[in-house]
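Undergrad: Could you work out the structure for the sequence below:
(2 chains)
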Amino acid sequence: MKNRCLYIVGMCSLLLFAGCEKQLQEQPYSQLVPGNFITSVSGITAVLYAAYAQEGELSGQKAVKGCIATQEWCTDLMWETSGSDNRIASQIIDFTWDASTPWFFSMLWAPPYAAIADANDVLDNIGNLKDATDAQKEGLTAEARFIRAISYEHLYSWFGPVPLRKSTSDTLQLTRATDDEMKAFIASELLAVIPELPDPGKEAAYGRANKGAAMGFLCKFYLNTRQWQKSADVAKQIMDLDYYQLFPDYEQLFHVENERNKEFMWVRQASNLGPGNVWMSSVYPPGFKEDPRTGQKLIGQNFGAQYRLLDGFYDSFDPKDTRQNLILTSYINTQGKLISLLNKDNTRSFKYWPDPNNQNNQGGNDIPELRYADILLARAEALNELNGPNAESIDLINKIRERAGLSDIALADFPSKEALRDHVLAERGWEFYSEGLRREDLLRMGKFIPGAVARGKNAKPFQKLFPIPLQAMDSNPELVQNTGY
Amino acid sequence: MTTENIIFKHRNDRTGRRSQRWVFALIFLLLYTMSSPVMAVQANTRTIRGHVTDQDGNALPGVSVSLENSTRGTTTDAKGNYALTVSNTKGTLVFSFIGYTTRRVVIGGRTTLNVSLTQKVSALNQLVVVGYGTQKKSDLTGAIASITSKDFNKGVAPSLDGLIQGKAAGVRVVQNSNEPGGGISVDIRGASSINAGTGPLYVIDGLPLDNSVPIGATGQSFVATRTPRNPLASLNPADIASIEVLKDASATAIYGARGANGVVLITTKSGKTGSLSVSYDGYVGFQSPAHTLDVLTAKQYSSVLNDIIADGGGSASEKVTGIEDGGTDWQEAVFKTGARVQNHNLAFQGGNGKTSYRVSLNYFDQDGIVMNTSFKRYNARFNLRSHISDKFTVGVHFNSSYDINNYVPVGFGINENAGVLYAAFNFDPTLAIRDSAGSYQRSPYITIDNPVALAEGKRGVQNSYRTLGTIFGEYRIIPGLVAKLNLGGNVTNSRKDVYISRFTNDGAAAGGIATILTSVNSNYLAEATLNYSKTFGVHHINILGGATTQKFIDNNSNATGRNYVSDVTFTNAIGTGDPTLNDIGSDKSSHRLISFIGRVNYNLLDKYLLTATLRADGSSRFGENRKFGYFPSLAGAWKIDKEPFMKNQSVFSSLKIRASWGRTGNQSIGNYHSLITYTRGPDAVIGEQPATTQEPARLANPGLIWETTEQTDIGIDFGLWEGRLSGTMDYYRKHTFNMLVDLPIPTSTGFNTKLSNVGSIRNEGWELTLNSVNLDGAFKWSTSVNLATLKNRVLNIGGIPPIITGGAGVTPQIAIIEPGRTLRSYYGYQVTGVWQQGDDYSKTKDGVVPGDLKYKDVNGDSTVNAADRVILGNSFPKLTWGLSNTFGYKNFQLDIFIMGVQGVSMLNNNLVDTYFPVNFRRNKFAKPYLNRWTPENPSDKYPSFVTPLDQGQKLVNSYTVQDASYLRLQTVRLSYTFPHIRKIIRSATLYITGQNLLTFTKYQGMDPAVNTNGDAGFNIDYNAYPASITTMIGVNVNF
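TA: Predicted coordinates:
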């Protein structure tokens, strides 16, 4: 008895603890480990898709809040009241933001860098692929470089030059690139991938990178950095692709059923099944039940946040302009009363018209980052900057106006470069409101800070760039804050 | 009924305190009402008969029964009966029995005297459960609070952690939610981590428990909660014999990498040898809300809001135009009064000389005081121990339970994501519950759903099955050497069903939403120990060595469906919705510990005690080359009372000083932090279809190790006047280093932070426990009090700037983590008053107007901004205390338990919503609005609320961070024990209990004792489930 028990105890102990270091290896059942995962096309595509998703910023409502609203609250188009968004919005509207304003980090700094990190992960591992042809490898490489380049383009627009991380193995703490390095990198990367990417419409799946998108971003990058000739040239090349065209009906363009058209060159793809477009929930006025003009009813939830258009902008529309049909000016509330939104800085942009299949407040309406209309107006603007008012610029602008149901403008109406520039700015406002382009348009034309001051804001010239977020500064002693912050 | 004479013994009334005068008053009132004249004396020779039992009603054989001042005497027989012939019935009988308190009973003319003896609380010989063993209390070298069942909280306690709330110094038990079966957090000696867990390790009958919440998720469109219900509620508190809280390193180091937050050892009741005894206890109680938030009534709401509009606030379109059906008190609409709670326990125990067993059954059923919330438990336990031979003992502890939780959404969600309580506090009081068509009424001004619709239409139910237990075998190899093998396991199988009906806004938008969440959490334990105990002359040693391993495996899955034909199928036909909207997921993880333990106890001359322990703990969670950590401790104690020089004094019956030092670890950081893995990234939409993605999960830290806590403790244990007054005092200092901090790293790497071992934090404090038998005659009175102080300091966070952290509702950046400050100190603005007409407005650039709140401009730059924030308090009470008084007279016993905390703050986030309303047409706290500043009422306390958001949202300020100190009359219980009623019933006790009867506090929220943030080191009160006042009646019967 005694020996037997001793034996049992002894054996059990031995069995239990034999090789305990090995027993302490973790088994990540639900997570993939690099060795067997990143070596296949499907594995690396999953990482590439993460880069796409991060660039699109749709998850967590970042596209609507960071890439649209934040870019327009500080302009002459839009403001906001109520809801938890107001805490941020009030800082953006009043130019009282600082490096600790949380969205700069969570919406503008972190997502593009996450896209860049994912793209770098793809690029660093592409050589390990076991089941890919060289053509596949080149395609994946071009896509990853494209996402990385446009993510740097976003960062440059918001923060100026930032650290250029080109590989996951770069040292942890990098210094900011110079302005020239930054511009050279973005342009050269886009130029390099244009020949490698498929023609528009030929990409493996809608929403993956193509030649046209890369050219479009390059065109806009040149425009925003005032490289007018290059911008005009790339715009012309895009037009010469003879692929893109304006969608005939502006009002219908943003309805979910009309996406995948030949005008949208690059979109933040949304799905009602998530991640989706949550714009509508923040623009429904309180107690919204129905739009009396179209009979459109509330779909999804009505958030506390109230995104409102400024009267200065709404009132600037030509009464005939069909583009204002996507703006709500009165509504029937849940008690059946008709409420007017006019003259109270309270009209609502219904640009991303409610998706009838909205789920969880998410509509499937893709958010365009780049439209053919933008390219046409870019060329019009660049040519004006180069040559002053000219017939081609006027023609390009009139293409946009014709679709909006407006009469043509004439070259004679514009005595100076400045006059046409001002018109381009106004035209871009009517055309691109709620698409997140206003801040960079105003900046490019030198109207961002003066405009804010004219609206009574205490805006300072250094606020043309957002501050490097506090969390980024804290994580990297090599970073130098933007002047003024 | 006749009475016994009352013998007052005044020799030790020293602990009576002036502040307890009211207690005396109560005693005398009781005496007055219960006493009756002593009966006339008879002078004949009589035989006095009777029955002697212990306090539980069990017969006591062999009790010596004698007539005082005579030689007459006898002993009780096997059934506890005696017969003694006395010359007259004037005298006094003395009942004495080893281990029991001697009792003197005046015969007073009676011929039948049934007496029950109480076991002597000879605390020093009491065995205390320690890690992997037991020890005599007098031989302890560590700081251990031992609470036995008779001292447990007397009120409704669905879970075992509630039993010791306020009962042990340095053990802070905080209710996270007052929901039935609501979560509780326990902090022992402060909090010593920022990112790892701060809860203690629970060990039940030798099985370390996995106390993680099986299903943390709440389901689609159901407010996430920070206060999941208590996993410990699946165990029956009535099965617990004692709870030992191990506090210092000498006691906890044997638990190594899980010991840093203290260890709670739970010992369940074991059987007693003897014939079958059956006991039943049960109670039924009724609960009503103890407090509701004092928000505006419909009339107040319409007049105050319209006044504010008239003063230029809100907008004309938001004018309150009428009150429907007299309006609605939304709290009343969703709260219940008289909600029932009932509990029934049935236990069988017995055994022969070699085997003893105890079987118990429990049914607990608590309705919540918010509609559609409840908790129900069925529990069965079987404990058995058998001495198969004089060398071999086996035993089993087995527990199986089934519990059912019913939920409605409560939590921090706001606006359209609100739960029932947020909605009830904020919803428009001028609306009726339903409109004329019978639909739930909604406000056109706010996006909050109707509170009653939420409570009726968002429902969750969780069914959990939990089985746990241990089997052990002990073999005495040679005298003194015992080998033990202990095997244990726990499987918790849970399923939560959540359905969002279409009469809620969310349900309407989706056509009904069904979610099913499942989890299987399991773990197994295997350990082998050898214990050698031997006395060599004046030396006594006890050596323990062993090895133990435990593996934890968690499996979860979830499914969501939407758009159903009807709500009637609830979650029972989850696949019948729109198939394109289905959503599924699953996850599995595991971790493992492999450990070696050793302990030496050395006792010289029964005066000098030395304890040394060491645990080598290997955890799968730590880095590749850092798998094993070593946790030593050393302690000594000196029993001064055993020294010769103490022989000639009579004050100290015991006196011992102790000192200990040791290291423990904290490994509760989650799995896989040291590995490079890919995990699901944000979903992409590619080709119009959602596509899942993969991203590197983290910047792995292969050097990651446990947090280490080094603790020093000095204590003194004393007993005075033969133990009439006994107590313990401790001073401790805990220094935690290698604390895990999420260090920010450049986001360009794709990650924001990297978990690194860089921080340190210190907790120190004093603890005092006193137990006093104030009166032990016929009238009995005993008091026990415990006090603890705490000082928490963050020392180092790795050189990074202060971390400003915490969020609730719209309130961000609530607290600061900064070296030199208490962990998570509230950080915000100091309100100094209200701007008045005639103030000097040239001093400010902030564009304030009369009636605005005036904030302190700390740096004097004429503007109040983030740079003017100051520390506004913290979540660690300077003093925590509990006071129990027990009064006994004849068969009556009165227990009164008072507890409280002093010097602690809480963010009242519902008050934030009052001062900084998300929008105008919400209900608010009444007092600030009814007394608001107007030119006619130039209040210097309350602002005008005309433009409450115009100064920016300074949400965390000295108004909203409130003093949450409180004193609470937690339980009052009056019980009556029936003497030996009939043969079948050995004893019976009937009691009535009142719980949470009175609270004294300056705190203005729902309950100063609750922390809806779910973390005892960071108090945030938001949308709190109300506390209840409970009255209950119960009975204990022993057969």
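Undergrad: Please make it C-alpha for all contacts and neighbour counts, starting now.
TA: Will do.
Undergrad: give me the residue from the stretch 401-550 of chain B nearest chain A.
TA: Scanning the stretch 401-550 of chain B for the residue nearest chain A gives B:Pro444, at 3.7 Å (criterion: Cα to the nearest Cα).
Undergrad: mind checking how far that residue is from B:Leu949?
TA: According to Cα to Cα, to the nearest Å, B:Pro444 and B:Leu949 sit 22 Å apart.
Undergrad: what helix or strand does the spatially closest residue to B:Asn531 that is not a sequence neighbour sit in?
TA: Closest residue to B:Asn531 in three dimensions, ignoring its sequence neighbours and counting by Cα to Cα, 6 or more residues apart in numbering or on different chains: B:Leu544, at 4.5 Å. Per DSSP states H and E: B:Leu544 is located in strand B:539-562.
Undergrad: That strand pairs with which strands, and in what direction?
TA: Paired neighbours of strand B:539-562 in the sheet (DSSP bridges): strand B:513-536 (antiparallel), strand B:583-604 (antiparallel).
Undergrad: returning to what we had before: contacts only, for the residue of the stretch 401-550 of chain B closest to chain A.
TA: Counting by Cα atoms under 8 Å, 6 or more residues apart in numbering or on different chains, B:Pro444 touches A:286-288, A:333-335.
Undergrad: cool, and A:Ser475?
TA: Going by Cα under 8 Å, 6+ apart, A:Ser475 touches B:743-746.
Undergrad: before we move on, what about A:Tyr307?
TA: Contacts of A:Tyr307 by Cα under 8 Å, 6+ apart are A:78-81, A:282-283, A:348.
Undergrad: Of those, just the buried ones, PyMOL syntax please.
TA: For the buried members of these, the matching PyMOL selection, counting by 16 or more other Cα atoms under 10 Å in any protein chain shown, is:
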select buried, chain A and resi 78+79+80+81+282+283+348
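Undergrad: Tabulate the contacts of A:Tyr307 in a markdown table, adding columns for distance to chain B.
TA: Formatted as a markdown table, these follow (distance: Cα to the nearest Cα, whole Å):
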| residue | distance to chain B |
| --- | --- |
| A:Met78 | 19 |
| A:Trp79 | 15 |
| A:Glu80 | 12 |
| A:Thr81 | 9 |
| A:Ser282 | 11 |
| A:Val283 | 12 |
| A:Arg348 | 16 |
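Undergrad: Adding secondary structure, write the contacts of A:Tyr307 out as JSON lines.
TA: Putting those into JSON lines (DSSP: H, G, I helix; E, B strand; the rest coil) gives the following:
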{"residue": "A:Met78", "secondary structure": "strand"}
{"residue": "A:Trp79", "secondary structure": "strand"}
{"residue": "A:Glu80", "secondary structure": "strand"}
{"residue": "A:Thr81", "secondary structure": "strand"}
{"residue": "A:Ser282", "secondary structure": "helix"}
{"residue": "A:Val283", "secondary structure": "helix"}
{"residue": "A:Arg348", "secondary structure": "strand"}
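Undergrad: In TSV, list the contacts of A:Tyr307 along with pLDDT.
TA: Compiled in TSV, these are given as follows (pLDDT from 0 to 100):
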residue	pLDDT
A:Met78	95
A:Trp79	94
A:Glu80	92
A:Thr81	84
A:Ser282	92
A:Val283	94
A:Arg348	96
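Undergrad: how close does B:Asp390 get to chain A?
TA: To chain A, B:Asp390 is 12 Å away according to Cα to the nearest Cα, to the nearest Å.
Undergrad: Let me know the helix or strand that that residue is in.
TA: Using DSSP H and E, no helix or strand contains B:Asp390.
Undergrad: Quick one: neighbours of it, just the number.
TA: Residues near B:Asp390, counting by other Cα atoms under 10 Å in any protein chain shown, number 9.
Undergrad: Let me know the pLDDT of it.
TA: At B:Asp390, the model reports a pLDDT of 86.
Undergrad: circling back: ok, the contacts of B:Pro444 vs chain B, which is closest?
TA: Distances from chain B to the contacts of B:Pro444, taken as Cα to the nearest Cα, are shortest for A:Gly287 (3.7 Å).
Undergrad: Can you give the distance from the strand holding B:Leu544 to the centre of its chain?
TA: Put simply, strand B:539-562 sits 22 Å off its chain's centre (Cα atoms, centre = their mean, to the nearest Å).
Undergrad: For it, list every residue counted as buried.
TA: Here strand B:539-562 shows B:540-552, B:554-562 as buried, counting by 16+ other Cα under 10 Å.
Undergrad: By neighbours, which of the contacts of B:Pro444 wins?
TA: When neighbours are counted by other Cα under 10 Å, A:Phe288 leads the contacts of B:Pro444 with 24 neighbours.
Undergrad: my guess is that residue meets A:Thr329, correct?
TA: No: counting by Cα atoms under 8 Å, no contact exists between A:Phe288 and A:Thr329, whose distance comes to 12.0 Å.
Undergrad: for residue 299, what are its contacts?
TA: Picking chain A for this. Applying Cα under 8 Å, 6+ apart to A:Ile299 gives the contacts A:354-356, A:358, A:361, B:509.
Undergrad: I was thinking of chain B, sorry if that wasn't clear
TA: Counting by Cα under 8 Å, 6+ apart, B:Lys299 touches B:323, B:430.
Undergrad: so how far is the strand or helix carrying it off the chain centroid?
TA: Using DSSP H and E, B:Lys299 sits in helix B:298-310. Chain-centre distance of helix B:298-310: 42 Å, with Cα atoms, centre = their mean.
Undergrad: repeat for stretch A:266-286
TA: For stretch A:266-286, the distance to the chain centre is 13 Å (Cα atoms, centre = their mean).
Undergrad: Compute the first-to-last residue distance for that stretch.
TA: Stretch A:266-286: ends 33 Å apart by Cα to Cα.
Undergrad: what does stretch B:224-237 give?
TA: Start-to-end span of stretch B:224-237 (Cα to Cα) is 28 Å.
Undergrad: What are the buried residues along that stretch?
TA: For stretch B:224-237, burial by neighbour count (16+ other Cα under 10 Å) applies to B:224-237.
Undergrad: How many residues are close by B:Asp54?
TA: As a burial measure, B:Asp54 scores 17 neighbours (other Cα under 10 Å).
Undergrad: where exactly do the strands run in the stretch 551-700 of chain B?
TA: Listed in chain order, the strands of the stretch 551-700 of chain B (DSSP state E, counting those that start in this stretch) span B:583-604, B:608-619, B:628-639, B:652-666, B:678-680, B:684-686, B:689-691, B:694-696.
Undergrad: I meant the stretch 351-485 of chain A, not that one.
TA: Using DSSP E, counting those that start in this stretch, strands in the stretch 351-485 of chain A cover A:367-371.
Undergrad: Can you pull up the residues of it that come close to chain B?
TA: A:359-360, A:471-472, A:474-476 (Cα under 8 Å from any Cα of the partner chain).
Undergrad: Quick one: which of those has the lowest pLDDT value?
TA: In terms of pLDDT, the lowest of those is A:Asn360, showing 74.
Undergrad: Provide the backbone phi and psi angles at that one.
TA: Taking degrees, to the nearest 10, you get phi 50, psi 40 for the backbone angles of A:Asn360.
Undergrad: show me the contacts for it.
TA: A:300-301, B:506, B:509-510.
Undergrad: average pLDDT across the strand holding B:Leu544?
TA: 94.
Undergrad: Give me the angle between it and strand B:608-619.
TA: Here strand B:539-562 runs at an angle of 30 degrees relative to strand B:608-619 (axes from the mean of the first three to the mean of the last three Cα atoms, to 10 degrees).
Undergrad: Tell me how many other residues crowd B:Ser389.
TA: 11.
Undergrad: Correction: the previous question concerned A:Thr483.
TA: What A:Thr483 shows, counting by other Cα under 10 Å, is a neighbour count of 10.
Undergrad: so what's it closest to, chain neighbours aside?
TA: A:Phe462 (6.5 Å).
Undergrad: so what's the one you found up against?
TA: Per Cα under 8 Å, 6+ apart, neighbours of A:Phe462: A:482-485.
Undergrad: Report the residue spans of the stretch 351-485 of chain A with pLDDT below the cut-off.
TA: Counting by pLDDT under 70, the stretch 351-485 of chain A shows no low-confidence range.
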